[in-house]
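Any chance you can model this:
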Amino acid sequence: MKSAQDEGSREAARQKLVEAEVEYQRARADDYVTRLIRDSAMVEAHRAGLSSREISELLGGIAQPNVVRARRRATIRQQVVPEGLLSPADAVRVSGLGPKEFVSAVREGRIHSVEVQPGVLAFRPEDVRGLAAWLSGLVEVTGLEPATSTLRT
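Numbering: from 1, shown residues only. This is a model prediction of the structure:
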């Protein structure tokens, strides 16, 4: 027979486990979004004329073949995002933010990705526009640029 204290400990452990899993899944999604944005930035850098070698040197620790693979992944991903949604790279462009500010907004929960199919994340255009509007209002009220602002909703 289990005591009430044992059952309370088990319930507390369950809650901690569920909370840890939620944070783990959120962190995995955030890291994935960050990788997608980085891969897209590699594509843009290549289109702007940077060589794979130069991109590799700028990123440090990523070999040229990995740069080529990342560019290929970014190109393929663009093809699987459903009509009406934005890929993470498109969401960064539409928001007007830099990658750092956009990823910070994702990590802080000001904008959320949608898993449209296993392994494919996208953003709703209205959420991205809402983020941009919130940040422009923040700049108007505080005079701080988004990258230096520490205020949250």
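
Against which helices or strands is the helix or strand Val33 falls within packed?
Counting by DSSP states H and E, the element that carries Val33 is helix 4-47. Counting contacts by 3 or more CB pairs under 8 Å, 6 or more residues apart in numbering; DSSP states H and E, helix 4-47 packs against helix 52-59, helix 64-78, helix 88-95, helix 99-107, strand 120-122. Bear in mind the C-beta positions are built from the backbone N, C-alpha and C, glycine included.

so which of these comes closest to Trp134?
Nearest to Trp134, of all the helices and strands packed on helix 4-47, is helix 99-107, at 8.9 Å by CB to CB.

Name the residues of the helix or strand just after the closest one that come out as buried.
Counting by DSSP H and E, the next helix or strand C-terminal to helix 99-107 is strand 114-117. For strand 114-117, burial by neighbour count (16 or more other CB atoms under 10 Å) applies to no residue.

Which other helices and strands does strand 114-117 contact?
Where contact means 3+ CB pairs under 8 Å, 6+ apart, strand 114-117 is packed against strand 120-122.

which stretches of this protein have low pLDDT?
For the chain, applying pLDDT under 70 flags the ranges 1-2, 18-21, 23-29, 61, 64, 74-79, 138-153.

Distance-wise, check the residue most central in space within the chain relative to Leu58.
Geometric centre of the chain, nearest residue: Val33, 3.2 Å, by CA atoms, centre = their mean. Distance from Val33 to Leu58, counting by CB to CB, to the nearest Å: 21 Å.
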